[in-house]
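Take this sequence and fold it.
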Amino acid sequence: MLIALAIIIGFFLLVTLLPMSYSQHYLVRSCDFVRLQVFYIASAVAIISFYLLWQSGNSGYLYTALTALLTMALQGKWIFPYTWLAKKEVKTASVSEDHSVRIMSANVLMSNHNSEQLISLVDKHQPDLLITLESDSWWENKLAVLKKNYPYYIECPKDNRYGMHLYSKFKILDAQICELIEDDIPSIHILFENNEGLEMQGHFIHPAPPSPTEEDSSRPRDSELIMVAKALKKPTRPTIVAGDLNDVAWSRSTRLFMQISGFLDPRKGRGFYNTFHASYFFMRWPLDHLFHSPGFKVKRIKRLAKYGSDHFALLTELVYENAKQHSLEDKSDELKQEEIQELAMSKADKRKVPRFEKES
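As a prediction, the model looks like this:
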């Protein structure tokens, strides 16, 4: 038993330490995804080890227990900000307040053909903006029924799992579809006006994941996040970034995005909101994200019901009050420049990201 516990906790300590490197190989970066699962496994090893130490008196169990506690501490540092015990980064809006914008993002899974279930979720929750990812021509045809309630829309169907569609109840004043880093991997950028006449920006992205079937390295994904963060660092109006980032909330690259942009994460202090994988409760992590510039409060954030995809849809309701708040992330300029140099591609030019500059 001691040997088995030592092998298990030794392996998961390695999984814990690997992401501390700047390596962008998919095997290393994949270790970011399972931090919550590793924390639970280490907790179980610690409990079992202390029990067996008490039963047998074998000091070897003390070492496995202490290694498990070390693993828990290292993993806990990354995931703690997303627990209810942590400080909320975004203030909570009153239930009685009218919302400023309600956004629903849904990675539909291109092979999933349960369009009726997704449309039912849209009808139930009535988002102002609906962003779909992995949506191809089949999905475009099925979602056309939404146009009666969503008069503004942007369609970018693709059969490579990177199609993207946007449906809006709010007036879209300007829009661009861009391929920021890689050909055939689009992003949608809009300038829109809500019902109160407030102009806002929305930037919706879906970079490729580091995986053996997609990208050997996380560099393209990390570069896109850094590019968008640098472009939106000092927004001239309320701004939202959302989508399937193929990255978890606590990873180095996602945290770097928040450090550079100064954007806030409404999940901090509220929960993980794990949106993937919908079919395996024991292997879930937060892949779908929404970040926003300071000034918003959060009225509601909710993971919605299953609709046949491998992702859950995410609904976020924000109120803009020009609230005085700021990111809780460390903003060391020296640290950021070092990390940007390590992670970003040279062609990650922030000027490619539409900013919809106001005319002087």
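
Run through the bridge partners of the residue nearest to I103 when sequence neighbours are not counted.
For I103, ignoring the flanking residues on the chain, the nearest one in space by Cβ to Cβ, 6 or more residues apart in numbering is L129 at 4.7 Å. C-beta here means a position set from N, CA and C on the backbone, and glycine is covered the same way. Beta-bridge partners recorded for L129 (DSSP bridges): I103, S168.

What is the neighbour count of L129?
26 (other Cβ atoms under 10 Å).

Let me see the contact set for it.
L129 makes contacts with 101-104, 166-170, 192, 202, as judged by Cβ atoms under 8 Å, 6 or more residues apart in numbering.

just those now: which is nearest V95?
Nearest to V95 among the contacts of L129: R102, at 13.9 Å, using Cβ to Cβ.

Touching, L133 and S105? I think so.
Yes: at 7.2 Å, L133 counts as touching S105 under the criterion of Cβ atoms under 8 Å.

hey, what's in contact with both of those two?
With Cβ under 8 Å, 6+ apart as the test, L133 and S105 both reach 243-244.

May I have the phi/psi pair for the residue nearest to the spatial centre of the chain?
Closest residue to the average C-alpha location of the chain: H289 at 3.0 Å, with Cα atoms, centre = their mean. According to degrees, to the nearest 10, the main-chain angles of H289 amount to phi -130, psi 160.

ok, now how distant is the nearest residue to it once chain neighbours are set aside from K233?
Closest residue in space to H289, ignoring its immediate chain neighbours: L245 at 5.2 Å, by Cβ to Cβ, 6+ apart. From L245 over to K233 the distance is 18 Å, taken as Cβ to Cβ, to the nearest Å.

Helices of the stretch 1-150 of the chain, start to end?
Secondary structure of the stretch 1-150 of the chain (DSSP state H, counting those that start in this stretch): helices at 2-17, 26-29, 35-56, 60-79, 115-125, 137-142.

Give me the buried positions along the first one.
Applying a neighbour-count criterion of 16 or more other Cβ atoms under 10 Å, one finds 5-6, 8-9, 12-13, 15-16 buried in helix 2-17.

Packing partners of that helix?
Judged by 3 or more Cβ pairs under 8 Å, 6 or more residues apart in numbering; DSSP states H and E, helix 2-17 is in contact with helix 35-56, helix 60-79.

Likewise for the longest one?
The elements that helix 35-56 packs onto, with contact taken as 3+ Cβ pairs under 8 Å, 6+ apart, are helix 2-17, helix 60-79.

which parts of it are buried?
So for helix 35-56, counting by 16+ other Cβ under 10 Å, buried means 35-39, 41-43, 45-46, 48-50, 52-53.

And for stretch 167-182?
Residues 167-170, 172, 175, 180-182 are the ones in stretch 167-182 that count as buried (16+ other Cβ under 10 Å).

Tell me the one of these nearest R351?
Closest to R351, out of all of the buried residues of stretch 167-182 and judged by Cβ to Cβ, is L180, at 10.7 Å.

Let me know the helix or strand that F282 is in.
Using DSSP states H and E, F282 sits in no helix or strand.

just checking, it touches Q37?
Yes: here F282 reaches Q37: they are 7.1 Å apart, a contact under Cβ under 8 Å.

Pull the host helix or strand of E155 out as PDB, backbone CA atoms only.
Per DSSP H and E: E155 is located in strand 152-156. The C-alpha trace of strand 152-156 is given here as PDB (Å, rounded to 0.1, in the frame of the first residue of the first chain):
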ATOM      1  CA  TYR A 152     -28.700  41.900 -35.600                       C
ATOM      2  CA  TYR A 153     -26.500  38.900 -36.300                       C
ATOM      3  CA  ILE A 154     -23.000  38.000 -37.600                       C
ATOM      4  CA  GLU A 155     -22.500  34.700 -39.300                       C
ATOM      5  CA  CYS A 156     -19.200  32.900 -39.800                       C
END
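
Which residues are in contact with the residue nearest to H289?
L245 neighbours (Cβ under 8 Å, 6+ apart): 205-207, 221, 225, 254, 287-289.
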